[in-house]
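Asker: Show me how the following folds:
(one chain, ligands or ions: 2)
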Amino acid sequence: MTRVAVNGVTGQMGGAVIEAATDSEVVVGFATSETSAVDGVPVVHPADAAEALREYDVDVVVDFAVPEGALIVAEACVDAGVPMVVGTTGFDEDGLARLQDASEEIPLLKATNFSQGIQVLQRLVSEAVGTLDDYDLELMETHHNRKVDAPSGTANSILDVIQEERDVEPVYGREGHTPRKDDEIGVLARRAGDIRGEHELVLAGNDEVLSLSHRAEDRGVFAAGALDAATWLVGHDAGWYEFGDVVDA
Ligand SMILES: NC(=O)C1=CN([C@@H]2O[C@H](COP(=O)(O)OP(=O)(O)OC[C@H]3O[C@@H](n4cnc5c(N)ncnc54)[C@H](OP(=O)(O)O)[C@@H]3O)[C@@H](O)[C@H]2O)C=CC1
Ligand SMILES: O=C(O)C1=N[C@H](C(=O)O)C[C@H](O)C1
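Answerer: Ligands and ions are numbered 1, 2, ... in the order given. Here you go, the predicted model:
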């Protein structure tokens, strides 16, 4: 069985990963709060992660935390020579560069969304935007009221896919007198209740509207995808990997 460490083990996704780990074993978790264990999994402070990775003989780290915590644990993975799956979103440019640096030393797989449906959605978005090349584009996402980063990592990834096809300028929400420009894409984030994650791209021509959307119904879908990625990543060479590599394998 693959021996997994979970960064952000006390969080919503940390719990979902422990629950989904049936073909792998979560042997240790990292979090800053003073919790000694979650569901029987010992919790260690991220500052001591390198030592714990060795002590618990960890094969791979699965991370769903906060950017600064993910970066500390990425450095620990480099120190201990352990591969890392990064699910945390909301990195700035400097954070992404530091993850890239880590990937020169260890196998590192980063994904803003570990659902297979979003992988397919991104491919459909690419085709739709490339084909309907003069349609207006609007991108919407909705998440639970505890989410701290906006737009979601997935929305940013969908935006990257769109910008590979078309030179559009994101407009984050609108207020007041704001006539729409041809080359803009509205990007809108909503936060409410316990919504697991909804994403929708609307492509509107004059007489028709195409809507491409995805809704996650349980955090288990992300946890299962991340664990699949973790098992797949073990044994790969140092480098930067994406969830599409796992889905296509
Ligand atoms: N890629 C994907 O498919 C998905 C990505 N996500 C992303 O995963 C991240 C976590 O989401 P979620 O579980 O809902 O959030 P939570 O707020 O529920 O959990 C965050 C966790 O991070 C821990 N944490 C805080 N500071 C640090 C630190 N410095 N080092 C290590 N751990 C730390 C918290 O525990 P403590 O305070 O005890 O340290 C907590 O366990 C978000 O960025 C979210 O966008 C979420 C779902 C799917
Ligand atoms: O915070 C979440 O919950 C989620 N975060 C990811 C994101 O920012 O895209 C993935 C998913 O939508 C759930």
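Asker: Give the buried residues for stretch 85-100.
Answerer: Within stretch 85-100, the residues scored as buried using 16 or more other C-beta atoms under 10 Å are 85, 86, 87, 88, 89, 90, 91, 95, 98, 99. C-beta coordinates here come from the backbone N, C-alpha and C atoms, glycine included.
Asker: which of the residues you listed are close to ligand 1?
Answerer: For ligand 1, the contacts drawn from the buried residues of stretch 85-100 by C-beta under 6 Å from any ligand atom are 87, 88, 89, 90.
Asker: Nearest residue to the last one in space, please, no chain neighbours.
Answerer: So that's residue 90. Using C-beta to C-beta, 6 or more residues apart in numbering and skipping the chain neighbours, the partner closest in space to residue 90 is residue 149 (3.3 Å).
Asker: pretty sure the one you found is touching residue 91, no?
Answerer: No - using C-beta atoms under 8 Å, residue 149 is not in contact with residue 91; the gap is 9.1 Å.
Asker: Near ligand 2, which residues of the protein are found?
Answerer: 89, 112, 113, 143, 147, 152, 153, 154, 197.
Asker: rewinding a little: out of the ones next to ligand 1 among the buried residues of stretch 85-100, the closest to residue 13 would be?
Answerer: Lowest distance from residue 13 to those (C-beta to C-beta) belongs to residue 87, with 6.7 Å.
Asker: Next, the contact list for the closest residue to residue 201 other than its chain neighbours, please.
Answerer: Leaving aside its chain neighbours, residue 201 sits nearest to residue 212 (4.8 Å; criterion: C-beta to C-beta, 6+ apart). Residue 212 is in contact with 121, 124, 125, 128, 200, 201, 203, counting by C-beta atoms under 8 Å, 6 or more residues apart in numbering.
Asker: Next, count neighbours for the first one.
Answerer: Residues lying near residue 121 (other C-beta atoms under 10 Å) number 21.
Asker: Quick one: residues contacting it.
Answerer: Neighbours of residue 121 in contact, by C-beta under 8 Å, 6+ apart: 158, 199, 212, 213, 214.
Asker: so the residue nearest to residue 90 sits in a helix?
Answerer: No - counting by DSSP: H, G, I helix; E, B strand; the rest coil, residue 149 is not found in a helix; it is coil.
Asker: Find me the pLDDT at it, would you?
Answerer: On the pLDDT scale, residue 149 is placed at 98.
Asker: And it, how far from residue 156?
Answerer: Relative to residue 156, residue 149 is positioned 9 Å away (C-beta to C-beta, to the nearest Å).
Asker: so the residue nearest the centre of the chain, which of the three states?
Answerer: Closest residue to the average C-alpha location of the chain: residue 112 at 2.2 Å, with C-alpha atoms, centre = their mean. At residue 112 the chain is in coil, as set by three-state DSSP.
Asker: Quick one: neighbours of the nearest residue to it once chain neighbours are set aside, just the number.
Answerer: Distances taken as C-beta to C-beta, 6+ apart place residue 153 nearest to residue 112, at 3.2 Å, with adjacent residues excluded. When neighbours are defined as other C-beta under 10 Å, residue 153 has 18 of them.
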